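Peer 1: The sequence and its predicted three-dimensional model are supplied below.
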Amino acid sequence: MAKILVTGGAGYIGSHVVKLLGENGYEVLTYDNPSIGHKWAVLYGDLIKADLANKETLRKVFKNLSLMQLCILQLLLLFQKVLKIL
């Protein structure tokens, strides 16, 4: 399965996305600002606590990702399957 970077994954909506991806076998890397997100909300994968404005941390994250897919269509199909939306 693909490794997926989720920004804001420790917040309410993002944590549900992380959970859904993790339950479906995806490797998840969550990137969130600790002032708003909650570590306990990230149930799958690793959490990087940093702000998106921190360019150095972002560079390190992207440098260390060996495989990253931007899979909007795949994610939408997954949501459709799980939520049974037509």
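Peer 2: That came through fine. Residues are numbered from 1 along each chain as shown.

Peer 1: What's the separation between residue 48 and residue 28?
Peer 2: Distance of residue 48 to residue 28, given as Cβ to Cβ, to the nearest Å: 11 Å. C-beta here means a position set from N, CA and C on the backbone, and glycine is covered the same way.

Peer 1: Over to residue 53?
Peer 2: On the measure of Cβ to Cβ, residue 53 and residue 28 end up 22 Å apart.

Peer 1: what does residue 20 give?
Peer 2: Using Cβ to Cβ, residue 20 is found at 10 Å from residue 28.

Peer 1: more crowded one of the two?
Peer 2: A side-by-side neighbour count of residue 20 and residue 28, using other Cβ atoms under 10 Å, places residue 28 first with 23 against 17.

Peer 1: wait, what's in contact with residue 81?
Peer 2: Contact partners of residue 81, counting by Cβ atoms under 8 Å, 6 or more residues apart in numbering, are absent.

Peer 1: hey, where'd the strands end up in this structure?
Peer 2: Counting by DSSP state E, one finds strands in the chain at the ranges 3-7, 27-32, 46-49.

Peer 1: partners of the shortest one, with directions?
Peer 2: The reference is to strand 46-49. Within its sheet, strand 46-49 is paired with strand 27-32 (parallel), according to DSSP bridges.

Peer 1: Buried residues in the strand it pairs with, which are they?
Peer 2: Going by neighbour count (16 or more other Cβ atoms under 10 Å), the buried part of strand 27-32 is 28, 29, 30, 31, 32.

Peer 1: got a list of contacts for that strand?
Peer 2: 1-11, 14, 18, 21-22, 42, 44-50, 52, 58, 61, 65.
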